[in-house]
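Student: Sequence first, predicted model second:
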Amino acid sequence: MHDSEHAKPPKQLTLEQKAALTSGGDFWHTQALPGAGIAPVMLADGPHGLRRQPEGGDALGIGTSVPATCFPPLVGLGSSWNRSLVEQVGRAIAREATAQRVGVVLGPGVNIKRSPLGGRNFEYVSEDPLLAGRIGAAWVTGVQSLGVGTSLKHFAVNSQETDRLRVSAEVDERTLREIYLPAFEHIVTTARPTTVMCAYNAVNGTLCSQNRWLLTEVLRGEWGFDGLVVSDWGAVSDRAAALEAGLDLEMPPSGADQALAEAVRTGDLDQRYLDASARRVLELIERTAGPRAADGAISVEEHHALARAAATESAVLLKNDGGLLPLDPHAGTALAVIGAFAETPRFQGGGSSHVVPNRVDSALEAIRATVAHPERIRFAPGFTLDGNPDEQLVEQAVDAARGAAQVLLFLGLPESAESEGFDRTDLLLPADQLALLNAVAQVSADIVVVLSNGATVQMTPWQDQATAVLEGWLLGQAGGSALADLLFGIANPSGRLAETIPLRLEDSPSYLHFPGGDGHVHHGEGLFVGYRSYDTLGTAVAYPFGHGLSYTTFGYGDLAVTEAGPNRFSACFTVTNTGSRAGAEVAQLYVHQPVSRLRRPVHELKAFEKVFLEPGESTRVTLELDERSFAYWSPRDSGWTVDPGEFELRIGASSRDLRLRAGVRCAGTPRPHRLVAESTIGEWLADPVGGPLLIAAIKADLADSPVPVNLDGSEISAMAAALPLARVPAFLAGVTRAHIAALVAATEEARAATEQARAATEG
Ligand code: BGC
């Protein structure tokens, strides 16, 4: 840090200066206070590359930005399931940020892909919170390892674009805790992002920018976040209310500094809120001093090579009948390459994350460079990028396909179909592209469809006309050469689906509720998002969560589970490359609870590991499960709960390709739940402290009464079990309110004594 930049403690600043610090100086900088020696921090979008705009830039990706390496967007990186790769990408982005003097890169986005229609799904990782959290944490760790800051976004429940600046996501607390918050929680508690960006929308009626429960109680209080909360661009409605709720920095500035200072003067806003936020802005300036001081240079070549490696791990081979892929690069037979995307790649989505790439590889050129006989390639665009049907293009494409040994058909969604700012309304590929496939299929039996799309598309019935399908998502600027590497076996596909591909939009769990209306979106499917719904209901899907083929095969065996402590286990097993090519497998571990107090998904992803293996090579994989791996959020107890009892660990290659299983027994979490008069007889009897006391009380006081329970407590009718104790006097003469009050008091006393004894032993 330069001496002149040393942050003065806020008390030496005037109210106006503090107010100025808590909103931007312009669109992309914090406020500079030269008189106080305070330098501005530059912020720039990401997250799949740097979008550093010149003066006067915009937030919507309309204006241009300085060229940078465009890595695969998170839809791709998420499908790599490779944390160290994502960390490397993060480091490369940090180097580019440093070279551009950018202090904070605005990413990663870890909102849950609630619906396949979500307009920003290409910017998000997964339908699963564990995967989103692990990939997001790797990105933050990579970027911050070089001193550049990050902004974890959009906190929280920003899972749609429709009415995004106003809509209130109505979500029950258990669903928030189990689905929409854990990725943020994991990243905050393990990777410590410098900033968190609050979302535009409201959660349960309160705008995220003014949501004290989210920004202060949960984020800082429960998770220990010590960084700065910045608004999404334009998310602040009432600055004083936002500061009180826990927001520190309004971006871009709305010009309300004077009014904010005045609010403190009149006592409408407690000064401690302004002081705390101004201090956090100063801390951010200190934490991100590195990029301002550095003279960074980057190697465009090296970063492009990393973008290519990342893209090869991001594509997912969905289907490969008869082992059509990989193609032989040395063959002499004609190969038709059809589809405008082969020549003009679609490699990122629209909006604020749009990067101006410093190079772009087209698949067509890369294919020509890969094959031994480039003259065998016959190219035809087949369709126009603006969606205008052109019969002549189809005819040319059919001519190219006729007599060719294979056809590589590049289909996908046009740029106009996917962007920040709106959601899609269907999952269909454009009709002209499907007509093209149909026409080509009349003359060719060996069609490989290569897809470019930022979110899932419907695969049926058209995929029956394709022998192989390579889901290329959006792969960044080196996607074209990565696809050529994969198609010709120079690289082996190792991406796995981070989101289920449903058969039909109507099967998706949020279908009936998405995107809501009249300012509200009700999360009626609750925590049954993605495979949590499909697998629980046994709904047929096109491709399940975690699926992805390889040019080799993998075997699983020798599962050994060891208990590592109460409610903690290590699962150790062998993965073997049983085929003839080097390749990578993503071993996934799901936890299933056969019987639970609250309804749970049939299984949930709790750990995974990507392993690279030579042909014939084996490795032992160890996956650790902690207490949270078995827990659900109990609204009754306002906390994470593990039921005592049996669980099953399911290990395999997708949520529907489970190869190994083992049962474990959890001790459960001590119930923080207190028994009260309104607790049912069943709850009383199940409680280790209250149960015996209830039985003793029955024996002592009601020995002569016709009591509805067996005195050992071993058998009880379901009807009696459901009866709150407080209602028993209405049914049983002889039981009084005084009896019940005495029992509650005795139970509290006994529990306190037990807890004291335990504390004494532990202490
Ligand atoms: C987006 C953010 C982005 C910000 C700055 C907003 O419109 O929602 O993701 O970081 O603009 O460009």
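Tutor: In hand now; what should we look at? Numbering: from 1, shown residues only.
Student: State which helix of this structure is the longest.
Tutor: Counting residues, the longest helix in the chain under DSSP state H turns out to be helix 737-762.
Student: quick one: the strands in the stretch 351-500 of the chain?
Tutor: Counting by DSSP state E, counting those that start in this stretch, the stretch 351-500 of the chain forms strands over residues 377-380, 406-412, 447-452, 468-471, given from the N-terminal end onward.
Student: could I get these as JSON lines with mean neighbour count, distance to Gly25 and mean pLDDT?
Tutor: For every residue, glycine as well, the C-beta is placed using N, CA and C. Output for those, formatted as JSON lines (neighbours: other Cβ atoms under 10 Å; distance: least, Cβ to Cβ, whole Å; pLDDT from 0 to 100):
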{"stretch": "strand 377-380", "mean neighbour count": "20", "distance to Gly25": "50", "mean pLDDT": "98"}
{"stretch": "strand 406-412", "mean neighbour count": "27", "distance to Gly25": "40", "mean pLDDT": "98"}
{"stretch": "strand 447-452", "mean neighbour count": "24", "distance to Gly25": "39", "mean pLDDT": "98"}
{"stretch": "strand 468-471", "mean neighbour count": "26", "distance to Gly25": "43", "mean pLDDT": "98"}
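Student: Output the set of residues of the chain in proximity to the ligand.
Tutor: 45, 59, 106, 153, 232-233, 352 (Cβ under 6 Å from any ligand atom).
Student: from the residues you listed, which ones fall inside helices?
Tutor: Checking those against helices, none of them qualifies (DSSP H).
Student: of all of the stretch 601-750 of the chain, which residue lies closest to the ligand?
Tutor: In the stretch 601-750 of the chain, the residue found nearest to the ligand is Leu605; the distance is 25.9 Å by Cβ to the nearest ligand atom.
Student: quick one: that residue is in a strand?
Tutor: Yes - with the criterion set as DSSP: H, G, I helix; E, B strand; the rest coil, the secondary structure at Leu605 is a strand.
Student: Can you name the next helix or strand after the helix or strand containing Phe647?
Tutor: Using DSSP states H and E, Phe647 maps to strand 645-654. From strand 645-654 onward toward the C-terminus, using DSSP H and E, the following helix or strand is strand 657-666.
Student: Run through the helices of the stretch 501-650 of the chain in chain order.
Tutor: In order along the chain, the stretch 501-650 of the chain carries the following helices (DSSP state H, counting those that start in this stretch): 531-537.
Student: List the contacts of the closest residue in space to Ala245 that isn't next to it in sequence.
Tutor: Taking Cβ to Cβ, 6 or more residues apart in numbering as the measure, Ala245 lies nearest to Arg212, with 4.2 Å between them; neighbours along the chain are not counted. Taking Cβ atoms under 8 Å, 6 or more residues apart in numbering, we find Arg212 in contact with 206, 244-246.
Student: again, only using 10 Å
Tutor: Arg212 makes contact with 206, 218, 241-242, 244-247 under the criterion Cβ atoms under 10 Å, 6 or more residues apart in numbering.
Student: Buried among these? Make that a PyMOL selection.
Tutor: To isolate in PyMOL the members of those that are buried, counting by 16 or more other Cβ atoms under 10 Å, one can use:
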select buried, resi 218+241+242+244+245+246+247
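Student: Among the contacts of Arg212, which ones are in helices?
Tutor: Judged by DSSP H, helices contain the following of the contacts of Arg212: 241-242, 244-245.
Student: Return the member of the residues you listed nearest to Leu675.
Tutor: Within the set of the ones in helices among the contacts of Arg212, Ala245 lies nearest Leu675; the separation is 35.7 Å, counting by Cβ to Cβ.
Student: Roughly how far does that closest one sit from the ligand?
Tutor: Relative to the ligand, Ala245 is positioned 19 Å away (Cβ to the nearest ligand atom, to the nearest Å).
Student: ok, now which ones touch that residue?
Tutor: The neighbours of Ala245, taking Cβ under 10 Å, 6+ apart as the test, are 198, 206-217, 229, 238, 273.
Student: out of these, which are buried?
Tutor: Among the contacts of Ala245, those scoring as buried are 198, 207-211, 213-216, 229, 273 (criterion: 16+ other Cβ under 10 Å).
Student: Mark which of those residues are part of helices, please.
Tutor: Among the buried ones among the contacts of Ala245, the members falling in helices (DSSP H) are Tyr273.
Student: Save the buried ones among the contacts of Ala245 as CSV, and put in pLDDT and distance to Ser508 too.
Tutor: Written out in CSV, the entries for the buried ones among the contacts of Ala245 read as follows (pLDDT from 0 to 100; distance: Cβ to Cβ, whole Å):
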residue, pLDDT, distance to Ser508
Cys198, 98, 27
Leu207, 98, 27
Cys208, 98, 25
Ser209, 98, 29
Gln210, 98, 31
Asn211, 98, 27
Trp213, 98, 29
Leu214, 98, 26
Leu215, 98, 30
Thr216, 98, 34
Val229, 98, 32
Tyr273, 98, 42
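Student: rewinding a little: of the contacts of Arg212, closest to the ligand?
Tutor: Taking Cβ to the nearest ligand atom as the measure, the ligand sits nearest to Leu247 out of the contacts of Arg212, at 14.9 Å.
Student: list the contacts for the closest one?
Tutor: Leu247 makes contact with 22, 196, 198, 207-212, 215-216, 228-231, 235-236, 239, 241, 273, 277, according to Cβ under 10 Å, 6+ apart.
Student: just checking, what packs against the helix or strand encompassing Leu85?
Tutor: Remark: Leu85 resides in helix 83-99, with elements defined by DSSP H and E. Of the remaining helices and strands, those touching helix 83-99 by 3 or more Cβ pairs under 10 Å, 6 or more residues apart in numbering; DSSP states H and E are strand 43-45, helix 74-80, strand 104-106, helix 129-144, strand 149-155, helix 289-293, helix 300-314, strand 604-613.
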